[in-house]
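Chemist: Sharing a sequence plus its predicted fold:
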Amino acid sequence: MRNLPSAVAAHLAAGGGMAVQMLVWLVARDRATGAPEPFGFWTGADHQVITVAGEGRTYYGAGALLEVDPVTSSTAQLSRSWQFKVSQLDPVVAEAIRTYDARLAPVEVHEWHWDPEANLPLAEPVRVIRGTVMDLAVPTPPVGQQTEAIVRIVTDAWRLTRGLPLMRSHEALQARTAGADSFRRYGNLTGVSVAWGEHSAAAGDLFSAAAAPAWTGGER
């Protein structure tokens, strides 16, 4: 069962009506610098600054977010796929998916509960999905039809299915030690030098008598 804010739960228990707006927050990257560039879209009628987890975020409405899949809840750690559709004609959407790089961008989806009679929100938005952009389809529609982009994301449980890498590059090891070559000193513990970001010796040299340490005695 999904945990709801106390004000929302009390409103539902009293038999009040409920309107739910969907909010999508996507953090794309600048193609030149790699700097993060956030974009927000919601199903509301206008652009609005909405407080989410104590942070003011600008969400663009007025038809920017066209359609969202239903959100389902589960207690299991399952990797789920979820998609939403945005309008290619919206200038902010066009900037997010064409000017910036949205591939593998982190995404948060929130539900915002409103009282339809008072036309006021009951509580802050509640996060229901956190995931990563996996597919971004920007088809060309027939003449006279609505143009839309389809964004498919997978939930963060997908990261649990990724295996650990067996090898790391010299650059990755340098990043772990602030640029120092701390791991190079382990390159020749067995008497055979291991290349770190350099051209290695020929295969025949590695198995020559000079490459292996001399046996000093005792039974093998």
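Modeler: Thanks, I have it.

Chemist: Show the pLDDT at Ala212.
Modeler: As summarised for this prediction, Ala212 has a pLDDT of 51.

Chemist: Tell me where the protein is predicted with low confidence.
Modeler: Regions of the chain meeting the criterion pLDDT under 70 cover residues 1, 75-76, 163-168, 179, 181-220.

Chemist: Point to the residue nearest the middle of the protein.
Modeler: With distances taken as Cα atoms, centre = their mean, Pro106 lies nearest the centre of the chain, 2.4 Å away.

Chemist: mind listing what that residue touches?
Modeler: Residues touching Pro106, when contacts are defined by Cβ atoms under 8 Å, 6 or more residues apart in numbering, comprise 26-27, 130-132. In short, each C-beta sits where N, CA and C put it, glycine included.

Chemist: Show me how the record splits this protein into domains.
Modeler: Using automatic domain parsing, the domain ranges for the chain come out as 6-161, 170-206.

Chemist: So which of the ones you listed is the most surrounded?
Modeler: Most buried of those, by mean neighbour count (mean count of other Cβ atoms under 10 Å): domain 6-161, with a mean of 15.

Chemist: Quote the end-to-end distance of that one.
Modeler: Across domain 6-161, the terminal residues are separated by 35 Å (Cα to Cα, to the nearest Å).

Chemist: Need the residues that contact stretch 81-100.
Modeler: Contacts of stretch 81-100 from elsewhere in the structure, counted by Cβ under 8 Å, 6+ apart, are 22, 24, 26, 28-31, 37, 39, 41, 60, 62-69, 71, 102, 109, 129, 131, 134, 136, 138, 146-155.

Chemist: if we go to 6 Å?
Modeler: Around stretch 81-100, the neighbours that count as contacts under Cβ atoms under 6 Å, 6 or more residues apart in numbering are 24, 28, 37, 39, 60, 63-69, 129, 147-154.

Chemist: which stretches of this structure form strands?
Modeler: Under the criterion DSSP state E, the chain carries strands at the ranges 19-29, 36-42, 48-52, 55-59, 65-68, 81-87, 106-115, 120-121, 126-137, 148-155.

Chemist: Same list (these) but as TSV, adding distance to Arg176.
Modeler: Listed next are the strands of the chain as TSV, based on distance: least, Cβ to Cβ, whole Å:
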stretch	distance to Arg176
strand 19-29	23
strand 36-42	23
strand 48-52	33
strand 55-59	31
strand 65-68	40
strand 81-87	33
strand 106-115	23
strand 120-121	45
strand 126-137	24
strand 148-155	28
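
Chemist: Ser169: which of those strands is closest?
Modeler: Shortest distance between Ser169 and the strands of the chain, using Cβ to Cβ, is found for strand 19-29: 21.4 Å.

Chemist: name the helices or strands packed onto the closest one?
Modeler: The helices and strands touching strand 19-29, judged by 3 or more Cβ pairs under 6 Å, 6 or more residues apart in numbering; DSSP states H and E, are strand 36-42, strand 106-115.
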